[in-house]
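Engineer: Predicted coordinates and the sequence they were generated for:
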Amino acid sequence: MKQLLRKVFLADLIEGLRVTFRHQHPKQIVTEQYPQERPKIGERYRGAPRLNINPDNGETLCIACDLCALACPENLIVVGWERNPETKKKELVTFTYDISRCMFCGLCEDACPVDALELTQDFEMASYTREGAILDRQTLENGLLPTRYRF
Amino acid sequence: MADTFLDSTELVLNMGPQHPSTHGVLRVILKLDGERVLGTECVIGYLHRGVEKIAENRTWQMFAPYVDRMDYVAAVSNGLGYCLAVEKLLGVEAPPRAQAVRVILTELNRIASHLLWLGTHALDIGAITPLFYCMREREYVLNIYEKYCGARLTTHAFRIGGLQYETYEGFEKECLEFCDLFEKKIDEYEELLTGNRIWQQRLTGVGILTAEDCKEYGVTGPMLRAAGVKWDIRKAQPYSGYEKYDFEIPVRENGDTYDRYIVRMQEMRQSVRIVRQAVADIPAGPILAKVGKVIKPPVGEAYVSIEAPKGELGYYVVSDGSTQPYRVRIRPPSFVNLQALDKMCRGALVADVVAIIGTTDIVLGEVDR
């Protein structure tokens, strides 16, 4: 009898609608208004790469050991270096990082022995050209510039 | 059909690969008699990347991010299976702390995967509301992942031998908060769907797959359990310390779409239970076993299967003693479960095909690899 009454009065559907209406309260809104409202990015987020420099003297921390290039599954890191004739040490000359092929797995970051290469919280990496996705040493050290939109 | 009033001819209809209800790039060729399905044929391979071949050209560690990209809604489970397989080959075991964290993350992943399934499946059937709620709750899990390992979807959370990242401050608290919140939310989904007469009528008796059929086709996971077979690898061959946790295997009898829905809903509740137990008791200690920077497993082979959200996920790895795998064969649950599509669709209506594809819970990244 109860079942029949429930059926006649559409109890099951009304119960469902009650849930829907409960969620229409303005407090329940979770949509993020993205360009105006910046998302909270986790501290460990693996985004755009950065080549850290020593803040005291402005020199690169990279010791050109090539471990990141060896660890990369996609072989997208190229480290260019030359040996300083006076100190007999390797010095970093060029560093390219192709984010168009990168899958942000973080293996290069893990491999770096001096914490020079780091994946940052920057996630806006769009560019208008394919070449724009290949980052050189200067871009990696200064960070990606904000995209300038062509309207 | 001989007894129809009007003559109808057989019609071949192409569904997909861009059909929104095929959950990716699956193309199904339907042979129809009016509204009735006489047979189906799946065309797959639109997303084929040759993952198994890629493995042969990478070192053991380098291949780990690629497995995340097979079943991209359950990337953590994929990573766990691969890491366990290589660990078996190496003869090492992850430290207890790593095992507990692995269990928490894979169970959260099971919830996330089932939530995506529930949302899209309900959307296919015509209930649009649950999708938004499911996505909202899934966001909590993804935020935990983002804070833990720095990525939301293709996480690369585990490493061979344990974990790379230590849990962040407040990890346990956030997991428990999610558990508290989520149990109420499951009740809400059930309120929306389980008792709903439209939902019941659309699902009951659709796409029946008996236990015998399941065994013949090799169907695993919730589809097998909905047919009444109590088989869960977490119980049958416990891995990563699952034997320590107390949980039940939800089983139903009929093996139709509605039962699969019930089984998955209950599985989410059980996952919450496991997460609670695991979070309450994370042992202290190291997170990475001693495996060394260069992984060179001894010559040999190993097979490890785990209970992924979609079924049995197996990794068969062969080593020739070098730093690169000789062969990595992956047994993906989606691919095997998809085989049963034809069996389930025969005699059904066209509208039911959408429900049946939804209930199979396939991810095309895993089907095609």
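Structural biologist: The structure has been received and is ready for your questions.

Engineer: Averaged pLDDT, the longest helix along chain B. What do you get?
Structural biologist: Scanning chain B for the helix with the most residues, using DSSP state H, yields helix B:96-125. Along helix B:96-125, the predicted local confidence has a mean pLDDT of 90.

Engineer: Next SSE downstream of that helix?
Structural biologist: helix B:129-149 (DSSP states H and E).

Engineer: Check whether that next one comes into contact with chain A.
Structural biologist: Yes. Part of helix B:129-149 sits close enough to chain A to count as contact by Cβ under 8 Å from any Cβ of the partner chain, namely B:129, B:133, B:136, B:139, B:143, B:146-149. C-betas here are computed from N, CA, C, even on glycine.

Engineer: repeat for stretch B:43-51
Structural biologist: No. Using Cβ under 8 Å from any Cβ as the criterion, no contacts between stretch B:43-51 and chain A are found, and the smallest distance is 11.9 Å.

Engineer: What mean pLDDT does that stretch get?
Structural biologist: Confidence over stretch B:43-51 (mean pLDDT, whole number) is 87.

Engineer: what comes up buried for it?
Structural biologist: Under the neighbour-count criterion of 16 or more other Cβ atoms under 10 Å in any protein chain shown, stretch B:43-51 has B:44, B:47, B:51 buried.

Engineer: Quick check: pLDDT value at residue B:348.
Structural biologist: At residue B:348, the predicted lDDT confidence score is 85.

Engineer: near chain B, which residues of chain A show up?
Structural biologist: Taking Cβ under 8 Å from any Cβ as the criterion, chain A approaches chain B at residues A:7, A:12-13, A:15-16, A:18-20, A:23, A:30, A:41-46, A:71-73, A:103-107, A:110, A:119.

Engineer: Please pick the buried ones from these.
Structural biologist: For those, buried by 16+ other Cβ under 10 Å: A:12, A:16, A:19, A:23, A:42, A:44-46, A:71-73, A:103-107, A:119.

Engineer: so of these, which ones are in helices?
Structural biologist: Per DSSP H, helices hold the following members of these: A:12, A:16, A:19, A:71, A:107.

Engineer: what about residue A:35, which SS state?
Structural biologist: At residue A:35 the chain is in coil, as set by DSSP: H, G, I helix; E, B strand; the rest coil.

Engineer: all strands for chain A, in order.
Structural biologist: A:49-51, A:77-83, A:90-98, A:117-119, A:134-135 (DSSP state E).

Engineer: Check those strands for me and report the most buried one.
Structural biologist: Between the strands of chain A, the one whose residues have the most neighbours on average, counting mean count of other Cβ atoms under 10 Å in any protein chain shown, is strand A:49-51 (a mean of 23).

Engineer: for the closest residue to residue B:22 other than its chain neighbours, what are its contacts?
Structural biologist: Ranked by Cβ to Cβ, 6 or more residues apart in numbering or on different chains and with sequence neighbours excluded, the top spatial neighbour of residue B:22 is residue B:16, at 4.3 Å. For residue B:16, the contact set (Cβ atoms under 8 Å, 6 or more residues apart in numbering or on different chains) comprises B:22, B:25-28, B:43.

Engineer: Most neighbours out of those, which is it?
Structural biologist: With neighbours taken as other Cβ atoms under 10 Å in any protein chain shown, the top of those is residue B:26, carrying 26 neighbours.

Engineer: Go ahead and confirm that residue touches residue B:17.
Structural biologist: Yes. Between residue B:26 and residue B:17 there is a contact under Cβ atoms under 8 Å: 6.4 Å.

Engineer: where do the contact lists of these two overlap?
Structural biologist: Common contacts of residue B:26 and residue B:17 (Cβ under 8 Å, 6+ apart): B:43, B:46.

Engineer: Please work out how many residues are found near residue A:70.
Structural biologist: The tally of other residues near residue A:70 (other Cβ under 10 Å) stands at 15.

Engineer: actually residue B:173, sorry about that
Structural biologist: Using other Cβ under 10 Å, the number of residues around residue B:173 comes to 10.

Engineer: Tell me which helix or strand it sits in.
Structural biologist: Of the helices and strands defined by DSSP H and E, residue B:173 is found in helix B:171-193.

Engineer: buried sites along that helix?
Structural biologist: B:171, B:174-175, B:178-179, B:182, B:185-186, B:188-190, B:192-193.

Engineer: again, but for stretch B:325-343
Structural biologist: Those buried within stretch B:325-343 under the rule 16+ other Cβ under 10 Å are B:325, B:328, B:330-338, B:340-341, B:343.

Engineer: And those, which is closest to chain A?
Structural biologist: Nearest to chain A among the buried residues of stretch B:325-343, counting by Cβ to the nearest Cβ, is residue B:325 at 12.8 Å.

Engineer: center of chain A - which residue?
Structural biologist: Centrality entry for chain A: nearest residue to the mean C-alpha point is residue A:47, 1.4 Å, by Cα atoms, centre = their mean.

Engineer: Please list the residues outside stretch B:18-31 that contact it.
Structural biologist: Counting contacts by Cβ under 8 Å, 6+ apart, the residues outside stretch B:18-31 that touch it are B:10-17, B:37-44, B:46-47, B:120, B:124, B:338, B:341, B:345, B:350, B:353-354, B:357-358, B:362-365, B:367-368.

Engineer: cool, and stretch B:81-89?
Structural biologist: Stretch B:81-89 is touched from outside by B:60, B:63-64, B:67, B:93-94, B:158-161, B:239-240, B:289, B:295, B:297-298, B:300-306, B:308, B:313-317, B:319, B:328, with contacts defined as Cβ under 8 Å, 6+ apart.

Engineer: coming back round to it: dump the ones in helices among the buried ones among the residues of chain A next to chain B into a markdown table; add pLDDT as well.
Structural biologist: Below are these laid out as a markdown table (pLDDT from 0 to 100):
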| residue | pLDDT |
| --- | --- |
| A:12 | 75 |
| A:16 | 77 |
| A:19 | 80 |
| A:71 | 87 |
| A:107 | 89 |
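
Engineer: Helix B:96-125 and whichever strand or helix holds residue B:88, what's the angle between them?
Structural biologist: Element membership for residue B:88 (DSSP H and E) is helix B:75-90. Taking axes from the mean of the first three to the mean of the last three Cα atoms, to 10 degrees, one finds that helix B:75-90 is oriented at 140 degrees with respect to helix B:96-125.

Engineer: For helix B:75-90, C-alpha coordinates in CSV please.
Structural biologist: Included here for helix B:75-90 are C-alpha records, laid out as CSV according to Å, rounded to 0.1, in the frame of the first residue of the first chain:
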residue,chain,number,x,y,z
ALA,B,75,46.3,6.7,-13.3
VAL,B,76,47.3,5.9,-9.8
SER,B,77,46.1,2.3,-10.1
ASN,B,78,48.0,1.9,-13.3
GLY,B,79,51.1,3.2,-11.8
LEU,B,80,50.7,0.9,-8.8
GLY,B,81,50.4,-2.2,-11.0
TYR,B,82,53.5,-1.3,-12.9
CYS,B,83,55.6,-0.5,-9.8
LEU,B,84,54.5,-3.8,-8.2
ALA,B,85,55.4,-5.8,-11.2
VAL,B,86,58.9,-4.3,-11.4
GLU,B,87,59.3,-4.7,-7.7
LYS,B,88,58.5,-8.4,-7.9
LEU,B,89,61.1,-8.7,-10.6
LEU,B,90,63.6,-7.0,-8.5
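
Engineer: Nice, that's everything, thank you.
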